[in-house]
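A.B. asks: Turn this into a structure:
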Amino acid sequence: MKKDDKIYVAGHLGMVGSAICRQLKKRSFSNLITRSHSELDLTIYSQVEEFFTMEKPKFVFLAAAKVGGIHSNQAYPADYILENLKIQTNVIEVAWKSGVKGLQFLGSACIYPRLAPQPIKEPLLLTGPLEPTNEMYAIAKIVGLKLCEALQKQYGFNATSIMPTNLYGPGDNFNLTTSHVLPALIKKFHDAKSSGAKKVEVWGSGKALREFLHVDDMASAAIFLMSNYREQEFINVGSGEEISIKVLAEKVCSIVGFQGKIVFNNSMPDGMPRKLLDSSRLRNMGWTPSISLSDGLESTYRWFIENLECVRK
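C.D. replies: Take a look at the predicted model:
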């Protein structure tokens, strides 16, 4: 990518899209195109087609998606598969037909089998049953990466896919109904501290192991890969470190300053028992993350405090 190339970041108001925009601007890319959902509904093909005809972007980061945690995925499975399939298919197909020079599709580590051998290597895709609590979202993401592979194989379209691990950071979703585990913990402990509550309930046993990557590190990897990776196969993006939900909850509790008790609700699902990506292919290309989990948690909580009014909406 050249500094003045026209770059479209789909989903720029979300945590991932906004991080990609920040990192592009930090690197002096000056010709970014963005549209809010009210300006461009990516689930409507005609609107996507009109946008690409008018703007003619050279590169596309497809970060737009319907995302959420276990509760939301279980409550709205049809929405998760329908909306994501529409967004992905519309943008990828129109980008290909429009002659875009490079498209990057952002997937998710949930594409892998629930009991995949750890750490999870890319060839393990489709080798076993998916995690039931987010199966529809995972299927949509698998379709997106396979569409990119098919268009590259059949037509030579430079469409690549990256599969990030669990992400967190500024701009995250802290709504307890739809959020992922880490922002939910921040919100729960902050609310409990503010209200003087004696305990905080955390879903599951606390034994599940997860890998977390700060969204600014993910954005850095995305830009690196857009410039250096043109392979048909998708590639993992992770931190290489894992932590139990119990220890994570204790870390968040300490950072927030909550003095009460943590209670784990064993009647609620843990999700996948373990999910650690093997990101050796990316590491071997020369990219490594730079933000530790401790530093990332502290900066994310500072952002949360500074944006409380926005977070409450």
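A.B. asks: So the residue nearest to L130 when sequence neighbours are not counted versus I243, what's the distance?
C.D. replies: Of all residues beyond its chain neighbours, the one nearest L130 is A138 (5.0 Å), with distances taken as CB to CB, 6 or more residues apart in numbering. (Glycine included, C-beta is placed from N, CA and C.) Counting by CB to CB, to the nearest Å, the gap from A138 to I243 is 22 Å.
A.B. asks: again, but for E149
C.D. replies: Distance from E149 to I243, by CB to CB: 32 Å.
A.B. asks: Quick one: end-to-end length of stretch 38-45, please.
C.D. replies: For stretch 38-45, the first-to-last residue distance is 15 Å (CA to CA, to the nearest Å).
A.B. asks: for stretch 161-177, same thing?
C.D. replies: Note: stretch 161-177 ends 29 Å apart using CA to CA.
A.B. asks: Could you do stretch 187-202 as well?
C.D. replies: With CA to CA, one end of stretch 187-202 sits 12 Å from the other.
A.B. asks: Okay, buried residues for it please.
C.D. replies: Buried residues in stretch 187-202, counted by 16 or more other CB atoms under 10 Å: 187-190, 192-193, 200, 202.
A.B. asks: which outside residues touch that stretch?
C.D. replies: Stretch 187-202 is contacted by residues 174-176, 179, 185, 245, 249, 252-253, 256-265, 301, 304-305, 311 when judged by CB atoms under 8 Å, 6 or more residues apart in numbering.
A.B. asks: taking those one by one, which sit in helices?
C.D. replies: 185, 245, 249, 252-253, 256, 301, 304-305, 311 (DSSP state H).
A.B. asks: List the buried residues in the worst-scoring helix or strand of the chain on mean pLDDT.
C.D. replies: One helix or strand of the chain scores below all others by mean pLDDT, DSSP states H and E: helix 308-312, with a mean of 71. For helix 308-312, burial by neighbour count (16+ other CB under 10 Å) applies to V311.
A.B. asks: what residues are up against the closest residue to N307 other than its chain neighbours?
C.D. replies: Spatially, and ignoring its direct neighbours in sequence, N307 is nearest to P170 (8.0 Å; CB to CB, 6+ apart). With contacts defined as CB under 8 Å, 6+ apart, P170 is in contact with 15, 18-19, 215, 299-300, 303, 307.
A.B. asks: Where does P170 sit, in terms of helix or strand?
C.D. replies: Assigned by DSSP states H and E, P170 falls within no helix or strand.
A.B. asks: Strands of this structure, start to end?
C.D. replies: 7-10, 32-33, 59-62, 102-106, 159-164, 166-168, 199-203, 209-214, 235-237, 242-244, 261-265, 274-275 (DSSP state E).
A.B. asks: What pairs with the last one, parallel or antiparallel?
C.D. replies: Right, the one you point to is strand 274-275. Counting by DSSP bridges, the strands paired with strand 274-275 are strand 209-214 (parallel).
A.B. asks: Show me how far the partner strand is from its chain's centre.
C.D. replies: How far strand 209-214 lies from its chain's middle: 11 Å, per CA atoms, centre = their mean, to the nearest Å.
A.B. asks: Which residues does it contact?
C.D. replies: 109, 164-169, 181-182, 237-245, 248, 273-277, 289, 291, 293, 296, 300.
A.B. asks: Stretch 143-160 too?
C.D. replies: So stretch 143-160 is contacted by 62, 84-85, 88-89, 92-93, 95-96, 100-105, 107, 111, 161, 163, 225-226, 229-235 (CB under 8 Å, 6+ apart).
A.B. asks: Now for L293, how many residues are close by?
C.D. replies: Counted with other CB atoms under 10 Å, residues neighbouring L293 total 19.
A.B. asks: Let's see the pLDDT reported for it.
C.D. replies: Per-residue pLDDT puts L293 at 96.
A.B. asks: Spatially, what comes nearest to it if we skip its sequence neighbours?
C.D. replies: F212 (5.9 Å).
A.B. asks: before we move on, back to that, more crowded one of A138 and I243?
C.D. replies: Neighbours were counted for A138 and for I243 using other CB under 10 Å; A138 has more, 25 against 16.
A.B. asks: From S108, how far off is the more buried one?
C.D. replies: A138 is 7 Å from S108, by CB to CB.
A.B. asks: Ramachandran angles for the residue nearest to N307?
C.D. replies: Note on P170: its backbone torsions stand at phi -60, psi 140 [degrees, to the nearest 10].
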